[in-house]
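**Student:** Build me a structure from this.
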Amino acid sequence: MALESAPATLDPRLATDAVSVHLSGLLFNGLTRLDAQAEPVPDLAARWEVSGGREYRFTLRPGVRFHDGRELTAEDVAFTLRSIQDPALGSPLRGALEPVESIEVLDRSTLRLRLRRPHAPLLTALAGGVVPRPTVDGESGATGGVPVGTGPFRLARLVPREEVEVRAFPEHFAGPPRLTSLRFRVIPDATTRLLELRKGTVDLLPGGLPPELLPAVRNFPHVRVLTGPSSNTTYLAFNLRDPILRSRRVRAAVAHALDRDGLVAHLMRGLAEPATGLLPPRHWAYRGDVARHPYDPARAKALLDSAGYRAGPDGVRFPLTFKATTGELSRALGEILQEQLGRVGIPVRIVSHEWGTFFADIRSGNFQVTALTWVGIADPDYLHYIFHSESVPPQGANRGAYRNPEVDRLLDLARATPERDRRRVLYGRVQEILAEDLPYIFLWHEVRWAALKADLRDFRLLPAGDFAALREVYWAR
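**Tutor:** Numbering: from 1, shown residues only. Got it, this is the predicted structure:
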């Protein structure tokens, strides 16, 4: 399987980028997992009971083992959750567990969580992987620096920035995978990935090519292409610490200067639908009747004038720097921004880095404007993780330092509201405010696709883009 970028980590408590999350999902199980409808269902937990919205009692599956042979116990789950809560670890999941007041181990297979207040997305947050507690002699249960898990695959080899190999775990509680091993090769260059697929040295390519190359892939005689909907959202993010981008009028001007319908039609070759917000239209909490900012360069210029950024004699109002990855699509988007923003007096400089450096810069707030994709959007509490004022890294992913007291209030209230209909109303109002404030310009929801050898069977495209379907894949040979 060819990957566009390397995982930043395989520790499920620290994973934030898509590749890290997807790969760690093969190595680890959570108390819960998300089904095809992004609803939490039992995983390591065989069942749970909820009392008064503030007490959760979990009973573990019997006989689950880590890859090193140790039996999973409630102490391991408690250790994992407490480590996430520990500021010293710097887990991005810490905010999601902030309402958990106490974690009690009742016996080897039972634990109880007590909450300070009701927390509707708790079961979704518990889908993160469980790692083993250190043993009495200090052993952490790690392989090559990566904690061992209970997942369907175990880590066999890790070559940083180059390759990850995993092998089937025969004692997995749901039964062993059908393939004995998977090898993930990091091939940053899209043309090289395409050539490797054509030569047959890559068996599976999970998207990641510029859309204009997909017709060529469809013509490879030994390859078939699958397409399907995704729960991913691509966006343009602003750093609101920047004195220019702090102005909502400037952000609205940038939105009006972008031809988003044209981006979908030409850059994405129709393999996407324009986005109005973070949540895709199929999501239960989606609200579509929010402010739109249609392509209107004249309106963009008027907004910039009113914000105090009139064009100088050379036609320039102010420059911006767009931080990109070395990927073809990221650079192509940057070039389109150069052209379209340049028309309204905003020259754009493109600075591109390989993924690790790029993502470190974004997490640390070292950017003006960038573009990324949120993948696998499940519970709308993602909005809290991204836009709440207390969710700045490492507590969350509010990398642009957006602050709005009303959004904070609504997101906190939605977290404490168990009724879905009421949550839908609250999140709808948040989507309405974000469409006005524009901390992000939401660009599109992509159509997911994958190319695979014709004799590779039972691979399914999942809306979240995760690799869970790989446990069912087999060769028809």
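**Student:** List the residues that contact residue 32.
**Tutor:** Each residue near residue 32 by C-beta atoms under 8 Å, 6 or more residues apart in numbering is listed here: 40, 41, 42, 43, 45, 123, 124, 126, 127. C-betas here are computed from N, CA, C, even on glycine.
**Student:** if we go to 7 Å?
**Tutor:** By C-beta atoms under 7 Å, 6 or more residues apart in numbering, the contact list for residue 32 reads 40, 41, 42, 43, 45, 123, 126, 127.
**Student:** Same check on residue 424?
**Tutor:** 284, 285.
**Student:** What residues of whichever helix or strand residue 101 is part of count as buried?
**Tutor:** Taking DSSP states H and E as the definition, one finds residue 101 inside strand 100-107. Neighbour counts over strand 100-107 (16 or more other C-beta atoms under 10 Å) mark 100, 103, 105 as buried.
**Student:** Just the buried ones from the contacts of residue 32, in PyMOL syntax?
**Tutor:** Buried residues within the contacts of residue 32, by 16+ other C-beta under 10 Å, are selected in PyMOL with:
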select buried, resi 40+42+43+45+123+126+127
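**Student:** What ranges does the stretch 251-400 of the chain have for its helices?
**Tutor:** 260-262, 297-306, 328-342, 355-363, 382-387 (DSSP state H, counting those that start in this stretch).
**Student:** before we move on, which element is the nearest residue to residue 383 once chain neighbours are set aside in?
**Tutor:** Distance criterion C-beta to C-beta, 6 or more residues apart in numbering; nearest residue to residue 383, sequence neighbours excluded, is residue 430 at 5.6 Å. Secondary structure assignment for residue 430, by DSSP H and E: helix 420-437.
**Student:** go on, residue 41?
**Tutor:** In this assignment (DSSP H and E), residue 41 forms part of strand 40-42.
**Student:** one step back: which one of the buried residues of strand 100-107 is nearest to residue 316?
**Tutor:** Of all these, residue 100 has the smallest distance to residue 316: 51.5 Å, by C-beta to C-beta.
**Student:** any low-confidence regions in this structure?
**Tutor:** 136-144 (pLDDT under 70).
**Student:** Quick check: most distant residue from the centroid of it.
**Tutor:** Going by C-alpha atoms, centre = their mean, the residue of the chain most distant from its centre is residue 313, 43.3 Å out.
**Student:** ok so, going back, and the strand holding residue 41, what other elements does it pack with?
**Tutor:** Applying 3 or more C-beta pairs under 7 Å, 6 or more residues apart in numbering; DSSP states H and E, one finds that strand 40-42 contacts strand 32-34.
**Student:** Quick check: neighbours of the strand it packs on in the sheet, parallel or antiparallel?
**Tutor:** Partners of strand 32-34 in the sheet, by DSSP bridges, are strand 40-42 (antiparallel).
**Student:** Contacts for the strand it pairs with, please.
**Tutor:** 32, 33, 34, 35, 123, 124, 127.
**Student:** Let's have these in TSV, adding distance to residue 365.
**Tutor:** Below are the contacts of strand 40-42 laid out as TSV (distance: C-beta to C-beta, whole Å):
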residue	distance to residue 365
32	32
33	32
34	30
35	35
123	31
124	27
127	28
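**Student:** of all these, which comes closest to residue 6?
**Tutor:** Using C-beta to C-beta, residue 127 comes nearest to residue 6 of the contacts of strand 40-42, at 23.3 Å.
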